[in-house]
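Colleague: This is a predicted model, with the sequence first.
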Amino acid sequence: MECLNCHTPLEMAPSQLYARCPSCRSLFMNVAGNWQLYPVEKAEQESIERSLGFSNTADESVE
Ligand SMILES: [Zn+2]
């Protein structure tokens, strides 16, 4: 699975139902086998990522 925006390989959530792009920070959700953009407010993105099971923000894993 690649990001629909920038074609970077996505990071999967433990549930396998959500994915995050490490490049552009877009979130995606798997709806009946199809990946769709999961729009979130920037201010809420980090807490949403945590609730979905992503451990760290994408920025922290880059260094
Ligand atoms: Zn992307």
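Modeller: Looks like it came in fine.

Colleague: make it CA atoms for all contacts and neighbour counts henceforth
Modeller: Will do.

Colleague: which residues pair with residue 31 across the strands?
Modeller: Using DSSP bridges, the beta-bridge partners of residue 31 come out as residue 34.

Colleague: Counting neighbours, what do you get for it?
Modeller: 10 (other Cα atoms under 10 Å).

Colleague: Can you list the low-confidence ranges for this structure?
Modeller: In the predicted model, the chain carries pLDDT under 70 at residues 57-63.

Colleague: phi, psi of the residue nearest the centre of it?
Modeller: With distances taken as Cα atoms, centre = their mean, the residue of the chain nearest its centroid is residue 20 (1.6 Å). The phi and psi values for residue 20, taken as degrees, to the nearest 10, are phi -130, psi 140.

Colleague: For it, give the beta-bridge partners.
Modeller: Applying DSSP bridges to residue 20, the residues it is bridged with are residue 11, residue 27.

Colleague: Ok, residue 2 next?
Modeller: Beta-bridge pairing of residue 2 under DSSP bridges involves residue 9.

Colleague: Next, give phi and psi for residue 43.
Modeller: Here is the backbone geometry of residue 43 (degrees, to the nearest 10): phi -70, psi -20.

Colleague: before we move on, the earlier item: contacting residues for the residue nearest to the centre of the chain?
Modeller: Taking Cα atoms under 8 Å, 6 or more residues apart in numbering as the contact definition, residue 20 lies against 10-13, 26-28.

Colleague: ok, and which of those reach the ion?
Modeller: Residues shared between the contacts of residue 20 and the neighbourhood of the ion: none [Cα under 5 Å from the ion].

Colleague: Select, from the residues you listed, the two members most distant in space.
Modeller: Maximum pairwise distance in these, criterion Cα to Cα, is 13.0 Å, between 13 and 26.

Colleague: what's the distance between residue 18 and the ion?
Modeller: Here the distance between residue 18 and the ion works out to 14 Å (Cα to the ion, to the nearest Å).

Colleague: Over to residue 48?
Modeller: In terms of Cα to the ion, residue 48 sits 17 Å off from the ion.

Colleague: which element is that residue on?
Modeller: helix 42-52 (DSSP states H and E).
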